[in-house]
Structures are given as C-alpha cells and as structure tokens.
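*Asks:* no sequence on this one, just coordinates:
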C-alpha cells in the first residue's frame, strides 16, 4: 500500500472521528444503532489494512460490560476507549507514512546525481525536494527580448495545461543559486530550454537535465544553426512568440502523456 492509499485510510478514520464527536456533542447517550455504524466503519478499515500487510490494526469488539444496564446504549467509558483507539491508529498510520516518505527520499537521494547540491539538514544529510508534478523548469537567456518571448509564447502554453513554472534566466553567481537550480530540476515534471544564443546558464541547466534523464523540450529560433544533431521528440523551431505558443501547446500534451506512460 502506497502513501496515497494510506492517506485515504487516515481520511476515513478522521471522518469517523468527526462523526462521533458531532454525535457526542448533540446527544447525551450513545445508542446501539449509532455505535454499530461507527464500529462497522472502523472494522472495515482495520480489515482492509490488515489484508494489505502494511500495518496490523486490531478490530474493535464489544464486551457485555460495554452495554448500559438497559442494553439500549453504550457506556461512556467504552465510547471513550473507542475514540482513543481510532486516534491511536491514525497516529500509527501517520508514522507509517513518514517512514515510507523517508525511504522514498533516501532512495531518490542515493540515485540522484544532483543530491550533493540539495539543502542539508542539521545532521548534514541531503534533503530531497518533494516532487512538483505540476511545475515545469524553464531555462531562458537573460534579456528583455527573451523574457518577452517567455511571457507571450511559453507561459500561455503552460497555462493551457494548468502548469506552473520555475524560470531560470540568471547567471549562477553562487552556490545557493546552483542549489536552487538543481533542486528545481530534480523535482519538476519536465524541463524546457530556449537555446537562443546558447546562453551559458541555459546550456549548463540543459547538461544537468540530460545527466539526470529529465524529460526535456528544446526551443531554438528558425534562423539559429542547429546545435549538433539533436534527436529529441520535444524539439521546436520557432520564428516568433505566437508560432512558439502554438507549437508548444501542441507538443506539451504529448510529452506529458509520454512521461506518464514511462513512469
């Protein structure tokens, strides 16, 4: 069971706790029908989690002493125990998610060539940036003309797909900027590079992206000489911002679908 599935089970248990607390706020006694409904919801979640063999969750059972003398309601002590049980299991599942996330981060750190440039915690260990599935890394040359091309050609195409962006358009003057660039390249969904003028900041980022196998889209003006023999499924030659916007809007869904299939 992955993190998303565990999170869903936590949501189910928290929803159950909210139902119980709302009931207790409005009722003096907990009648059997209400408690049986809560018990069924909790035990279904426990059974499902136990079947996945990720974490052992005990089912909750009533004993004769848990009923009121009339047999029509559940004793307050039992209800409180039930609430504590649910809360405890929520905490255990959250701990399990933390462990899974740490394992995933450790795996990424050991396999990422960029890990040396990530931020480090107080123990000196590299901290993997979280995946940014809706963000695109965009490297462009510095300058007013290229920035204008970005806002009129690239950004509108990204917006069509509901994508945000990190724009790298500055020379790397210090280690902090290099760290930021590496983290964004590591976490982004794909990367776009405008090779106009073969700006050093763009070429450096492109080399890093190729080095880690990041999906890329290469942009180059029509009147520029092609850089080497670029065999890239995401290669666009453009003449103006509108031309670039149209081509990029057409290409982005293909690259995103291909990446999803590879993943």
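*Replies:* Yep, it's here. Since the structure is predicted, the reported quantities are computational estimates derived from the model, not experimental observations.
*Asks:* what's the spacing between residue 83 and residue 194?
*Replies:* 57 Å (Cβ to Cβ, to the nearest Å). Bear in mind the C-beta positions are built from the backbone N, C-alpha and C, glycine included.
*Asks:* the more surrounded of these two?
*Replies:* residue 194 (25 against 16; other Cβ atoms under 10 Å).
*Asks:* Is the more buried one in contact with residue 219, as I believe?
*Replies:* Yes. If you go by Cβ atoms under 8 Å, residue 194 and residue 219 touch, sitting 4.4 Å apart.
*Asks:* Now the phi/psi pair for the closest residue to residue 203 other than its chain neighbours, please.
*Replies:* Of all residues not flanking residue 203 in the chain, residue 195 sits nearest, at 7.7 Å (Cβ to Cβ, 6 or more residues apart in numbering). Per-residue torsions, residue 195: phi -90, psi 10 (degrees, to the nearest 10).
*Asks:* Then residue 31?
*Replies:* Main-chain torsions, residue 31, degrees, to the nearest 10: phi -80, psi 160.
*Asks:* Now do the same contact list for the residue lying closest to it once chain neighbours are set aside.
*Replies:* Once flanking residues are discounted, residue 31 sits nearest to residue 73: 5.2 Å by Cβ to Cβ, 6+ apart. Residues near residue 73 by Cβ atoms under 8 Å, 6 or more residues apart in numbering: 29, 30, 31, 32, 67.
*Asks:* Please report which of these has the highest neighbour count.
*Replies:* Counting neighbours by other Cβ under 10 Å, the top entry in those is residue 30, with 20 neighbours.
*Asks:* Got phi/psi on the closest residue to that residue other than its chain neighbours?
*Replies:* The shortest distance from residue 30 to any non-neighbouring residue, by Cβ to Cβ, 6+ apart, is to residue 74 (4.6 Å). When read as degrees, to the nearest 10, the backbone of residue 74 gives phi -110, psi 140.
*Asks:* how close does residue 74 sit to residue 183?
*Replies:* Distance from residue 74 to residue 183, by Cβ to Cβ: 52 Å.
*Asks:* now do residue 167
*Replies:* Applying Cβ to Cβ to residue 167 and residue 183 gives a distance of 15 Å.
*Asks:* How about the helix or strand hosting residue 203, which residues are buried there?
*Replies:* In the assignment (DSSP states H and E), residue 203 maps to helix 200-212. Neighbour counts using 16 or more other Cβ atoms under 10 Å place 201, 202, 203, 204, 205, 206, 208, 209 of helix 200-212 among the buried residues.
*Asks:* Quickly name whichever of these is closest to residue 17.
*Replies:* residue 209 (45.2 Å; Cβ to Cβ).
*Asks:* what's the overlap in contacts for residue 194 and residue 219?
*Replies:* Common neighbours of residue 194 and residue 219 (Cβ under 8 Å, 6+ apart) are residue 154.
*Asks:* How about residue 34, nearest residue that isn't a chain neighbour?
*Replies:* Distances taken as Cβ to Cβ, 6+ apart place residue 23 nearest to residue 34, at 5.8 Å, with adjacent residues excluded.
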